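Engineer: Have a look; sequence and predicted model below, questions after that.
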Amino acid sequence: MPLLKLIKLALDAIFSFSDIPIKICLYIGLAGVLISLGGIVYSLISKITGIAPFGWSSLMMSIFLWGSIQLLFLGILGEYIFRIYKEIQNRPLYLIREIVE
């Protein structure tokens with residue numbers, strides 16, 4: 001098989017049957033929220049001390065905070081949908097190899 005087809009097959013397996021992309025989205029959103037909250041505190045301190053230019057820091061931090069919150073909730077919704085997907089597959093909890101009487 002050519003390398004390009006193998007890469008496509010691997011990406012298809014990752015995105016179709018795994019929750020890794022959803023978890024990455026969730027963790028990046030959580031890290032973004034925490035970083036933006038720290039940035040907001042820094043922005044407020046720099047605004048009080050007079051270092052920050054007018055309007056720039058509040059605008060950038062609010063855009064970053066809302067984007068991170070959206071990414072966080074997208075990850076949470078993805079987790080719910082992935083768990084529903086796993087539940088409706090109707091797979092048994094275990095398989096019986098043989099019945100011994």
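Structural biologist: Thanks, I have it.
Engineer: ranges for the strands of this structure?
Structural biologist: Listed in chain order, the strands found in the chain under DSSP state E amount to none.
Engineer: Geometrically speaking, which residue is the centre of it?
Structural biologist: For the chain, the residue whose C-alpha lies nearest the mean C-alpha position (Cα atoms, centre = their mean) is residue 25; its distance is 1.3 Å.
Engineer: tell me what the lengthiest helix in the chain is packed against?
Structural biologist: The helix that spans the most residues within the chain, counting by DSSP state H, is helix 56-87. Of the remaining helices and strands, those touching helix 56-87 by 3 or more Cβ pairs under 8 Å, 6 or more residues apart in numbering; DSSP states H and E are helix 20-49. Where you see a C-beta, it was placed from the backbone N, CA and C, and this is true even at glycine.
Engineer: for the helix it packs on, packing partners?
Structural biologist: For helix 20-49, the packing partners by 3+ Cβ pairs under 8 Å, 6+ apart come out as helix 3-17, helix 56-87.
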